[in-house]
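Peer 1: only geometry, no sequence info:
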Ligand code: MN
């Protein structure tokens, strides 16, 4: 049976990421309202504390204290059955056929805020952050460019989801400027000693990240079949990278200062429930994986992704467009692999996908691939060119899914490069 379309009594434009089918979670504050948890609908942010204070979640037991916090960790720790009930109740409260809140909204001037009038905060306290490397197109492009075009993927790549441990302390919310990092790098390819200074090869990486919604125990393995129970939802993720620092430092232990100066996340966590209608099959894995990595069902998601670049004083233009569905390794395989040795995960941990690239040159997820390590600069509409990011550039990433007229999106993750 086809479900009838839901509409809201709040005005939601057709191209809004925050339809009634979404109901993501975030944290906001204003000059007079301290940080607290919220959802979004249309152009509005919804204060969940005030809804709880007035009993709008009844009969679900929801204390305002659950939301009067500067992170979603406590709410998420209530478990998926609970958070899903709360989200369902919010969908009900905002649907046009339901009157509890609709008929009384004038009594509550502090429930709805225009989204552009509030400050969005980092939605979770992040304890740990891991970055995977799960796009075959990305890994192939990099391997071909930096190593061997005929043997681009390393022998382990199709047997395990490659990853490194990142740094949680420098994860920042969208809007936070990214300060061009300093470090060691080789100024010229044939140099034998490094130069020190601001990176000359600042890049973005288009990624999606999932947020852990349930603790696992040290020594325990999360099975590939149960992995989704541990995942609360997704964020847009920009893993800023300094390519010159990276290529000098990464041998033999992997990225370090080229990555940990900052990563940006979108302020909204879109739940697994909201993304469920957009599930799709992943690419065929043509090498048989070990039993602990064999997953059943559809765990990829049809999410459109875009990158825009806005030079200082100029207008934003799209420089890349791809889709999350191309990812070779899915989230269940990633989490099963991450915990197969007994490493535990905690609520709020962030697991990023790795740069998401598609099969065509305009669908790659970073400038390193797009400009072939600076050899083929891209031309911008204002007449300038880019090998890598310049001071004053703003990178804007967007993500959304559409099916049968129902749109669910992330908004954006943005950051401006400053010297
Ligand atoms: Mn990355």
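Peer 2: Arrived safely. Predicted model, so just to flag it, every value in this text is computed and none were measured. Numbers count the residues shown, from 1 in each chain.
Peer 1: contact partners for residue 313?
Peer 2: residue 392 (CB atoms under 8 Å, 6 or more residues apart in numbering). In this view, the C-beta of every residue, glycine as well, is placed from N, C-alpha and C.
Peer 1: now it: how far from residue 80?
Peer 2: 46 Å (CB to CB, to the nearest Å).
Peer 1: count of neighbours near residue 346?
Peer 2: 15 (other CB atoms under 10 Å).
Peer 1: where in the stretch 151-300 of the chain is pLDDT low?
Peer 2: Within the stretch 151-300 of the chain, not a single segment meets pLDDT under 70.
Peer 1: go again using 90 as the cut-off
Peer 2: 189 (pLDDT under 90).
Peer 1: which stretches in it count as strands?
Peer 2: Remark: strands assigned in the stretch 151-300 of the chain by DSSP state E, counting those that start in this stretch are 163-165, 171-173, 178-179, 182-185, 195-198, 202-203, 206-212, 231-238, 241-242, 263-265, 270-271, 279-280, 300-301.
Peer 1: select, out of those strands, the one closest to the ion.
Peer 2: strand 206-212 (5.7 Å; CB to the ion).
Peer 1: is the closest one up against the ion anywhere?
Peer 2: No: Strand 206-212 does not reach the ion (CB under 5 Å from the ion); its nearest approach is 5.7 Å.
Peer 1: distance-wise, check residue 321 relative to the ion.
Peer 2: 19 Å (CB to the ion, to the nearest Å).
Peer 1: angles on the backbone of that residue, please.
Peer 2: phi -150, psi 130 (degrees, to the nearest 10).
Peer 1: now do the end-to-end distance for stretch 197-214.
Peer 2: End-to-end distance for stretch 197-214, by CA to CA, to the nearest Å: 42 Å.
Peer 1: same question, stretch 241-252
Peer 2: Stretch 241-252: ends 18 Å apart by CA to CA.
Peer 1: check stretch 6-14 too.
Peer 2: Per CA to CA, the first residue of stretch 6-14 is 13 Å away from its last.
Peer 1: need the residues of the protein near the ion, please.
Peer 2: 131, 205, 239.
Peer 1: list only those of the residues you listed flagged as buried.
Peer 2: Among the residues of the chain next to the ion, the ones that count as buried by 16 or more other CB atoms under 10 Å are 131, 205, 239.
Peer 1: contacts only, for the second one.
Peer 2: Under the criterion of CB under 8 Å, 6+ apart, the neighbours of residue 205 are 238, 239, 240, 241, 354, 355, 365, 366.
Peer 1: beta partners for the first one?
Peer 2: In this case it means residue 238. residue 206, residue 264 (DSSP bridges).
Peer 1: residue contacts, it?
Peer 2: 204, 205, 206, 207, 263, 264, 265, 395, 397, 413, 415.
Peer 1: can you rerun that using 10 Å?
Peer 2: By CB atoms under 10 Å, 6 or more residues apart in numbering, the contact set of residue 238 is 172, 174, 178, 204-207, 209, 262-266, 307, 352, 365-366, 395-397, 412-415.
Peer 1: select, from the contacts of residue 205, the two members most distant in space.
Peer 2: Longest distance between any two of these is 14.1 Å, between 240 and 354; criterion CB to CB.
Peer 1: mind checking which helix or strand residue 368 is in?
Peer 2: helix 367-370 (DSSP states H and E).
Peer 1: distance between that helix and the chain's centre?
Peer 2: Relative to the centre of its chain, helix 367-370 is centred 20 Å away, using CA atoms, centre = their mean, to the nearest Å.
Peer 1: that older thread, with the buried ones among the residues of the chain next to the ion in mind, which one is nearest to residue 106?
Peer 2: Checking these one by one against residue 106 (CB to CB), the nearest turns out to be residue 239, at 44.6 Å.
Peer 1: so what's that closest one up against?
Peer 2: Residue 239 makes contact with 129, 131, 166, 171, 203-207, 209, 255, 259-260, 262-264, 352-355, 365-366 under the criterion CB under 10 Å, 6+ apart.
Peer 1: please report how far the closest residue to it other than its chain neighbours lies from residue 259.
Peer 2: Closest residue in space to residue 239, ignoring its immediate chain neighbours: residue 205 at 4.0 Å, by CB to CB, 6 or more residues apart in numbering. Distance from residue 205 to residue 259, counting by CB to CB: 9 Å.
Peer 1: residue 340 now?
Peer 2: 24 Å.
Peer 1: who has more neighbours, those two?
Peer 2: residue 259 (24 against 16).
Peer 1: hang on, isn't the more buried one packed against residue 207?
Peer 2: No: in terms of CB atoms under 10 Å, residue 259 does not count as a neighbour of residue 207; the distance is 11.7 Å.
Peer 1: hey, what's in contact with both of these two?
Peer 2: Contacts common to residue 259 and residue 207, judged by CB under 10 Å, 6+ apart, are 131, 239.
Peer 1: could you check the angle the strand ranked longest in the chain makes with strand 231-238?
Peer 2: If you go by DSSP state E, the chain has its longest strand at strand 406-418. Interaxial angle, strand 406-418 versus strand 231-238 (axes from the mean of the first three to the mean of the last three CA atoms, to 10 degrees): 40 degrees.
Peer 1: could you give me the average pLDDT of strand 406-418?
Peer 2: For strand 406-418, the mean pLDDT works out to 98.
Peer 1: centre of the chain to it, how far?
Peer 2: 9 Å.
Peer 1: same question for stretch 15-35.
Peer 2: 16 Å.
Peer 1: same question for it: list its buried residues.
Peer 2: So, applying 16+ other CB under 10 Å, buried residues of stretch 15-35: 16-28, 33, 35.
Peer 1: can you give me the neighbour number for residue 300?
Peer 2: Neighbour number of residue 300 under other CB under 10 Å is 20.
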